[in-house]
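In: Below is the sequence, then the predicted model.
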Amino acid sequence: MGEGKGSTLVHLLVVVLSLVAFGFAIAAERRRSVGVVVKDDISNATYCVYNSDVATGYGVGAFLFLLSGESLLMGVTKCMCFGRPLAPGSERAWSIIYFVSSWLTFLVAEACLIAGATRNAYHTKYRGMIYAQNFSCETLRKGVFIAAAVFVVATMVLNVYYYMYFTKATTTMPAHKANRTNPTVGMTGYA
């Protein structure tokens with residue numbers, strides 16, 4: 001690693017994995033399942049027919065790509081708990097702030113992705129004999145995957161800043177551990 005710069009490969013992989021997760025989240029929003037009420041003339045029963053279920057796969061794909069990007073970064077930085085201690089100063093403070101913030105946005109993004117994929121996969125196939133006027137099929141609300149995509153981008157930005165400040169805080173020499181060539185206290189005897 002360079003002087004407080006970090007590995008370009010780690011930066012690149014985190015950004016690429018997050019952008020792929022973003023793309024999958026956008027694709028999942030555009031391909032959400034839509035249900036149509038169909039009436040069976042023979043049995044007089046109503047039921048829902050849904051179009052393709054590809055949005056669930058896109059949501060799970062986004063979940064896995066974001067998880068792999070976060071796992072990569074936490075593996076490289078040893079989750080800030082293990083390894084070399086961070087040098088005191090503003091770099092350590094910023095790396096802690098970005099670490100906590102990136103974890104919060106990561107958890108929200110993952111929750112939106114998995115909840116959206118789960119809810120999109122849940123379909124009511126058969127309703128029985130219902131004579132309600134306002135009968136509608138259950139579908140995923142608009143915007144769940146979009147919210148996840150926004151939090152994926154926020155996680156990506158915070159992860160890049162976290163890694164940048166983390167590498168600065170680990171490569172800086174602490175002031176109390178400076179290498180000294182001459183002793184500061186003389187230990188000679190009196191003549």
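Out: Received the coordinates, thanks. All figures in this text were calculated on a predicted structure; none of them were measured in a lab.
In: give the contact list for the spatially most central residue of the chain.
Out: For the chain, residue 106 is the residue whose C-alpha lies nearest the centre (Cα atoms, centre = their mean; 3.4 Å). The contact partners of residue 106, by Cβ atoms under 8 Å, 6 or more residues apart in numbering, come to 66, 70, 151, 155. To be clear about C-beta, it is placed using only N, CA and C from the backbone, and glycine gets the same treatment.
In: After the longest helix seen in the chain, which helix or strand is next? Please name it.
Out: The longest helix of the chain (DSSP state H) is helix 90-121. Counting by DSSP states H and E, the element after helix 90-121 in chain order, helix or strand, is helix 144-171.
In: pLDDT of that following helix, averaged?
Out: The average of the pLDDT scores along helix 144-171 is 95.
In: repeat for stretch 39-51
Out: The pLDDT scores in stretch 39-51 average 76.
In: cool, and stretch 12-23?
Out: 97.
In: Return the distance of the longest helix of the chain from the chain's centre.
Out: When C-alpha coordinates are averaged (Cα atoms, centre = their mean, to the nearest Å), helix 90-121 and its chain have centres 5 Å apart.
In: List the buried residues in that helix.
Out: 91-92, 94-96, 98-99, 101-103, 105-106, 108-110, 112-113, 115-117, 119-120 (16 or more other Cβ atoms under 10 Å).
In: Could you figure out how far that helix is turned away from helix 144-171?
Out: Inter-element angle recorded for helix 90-121 and helix 144-171: 160 degrees (by axes from the mean of the first three to the mean of the last three Cα atoms, to 10 degrees).
In: Does residue 156 touch residue 18 like I think?
Out: Yes. Taking Cβ atoms under 8 Å as the definition, residue 156 is a contact partner of residue 18 at 3.5 Å.
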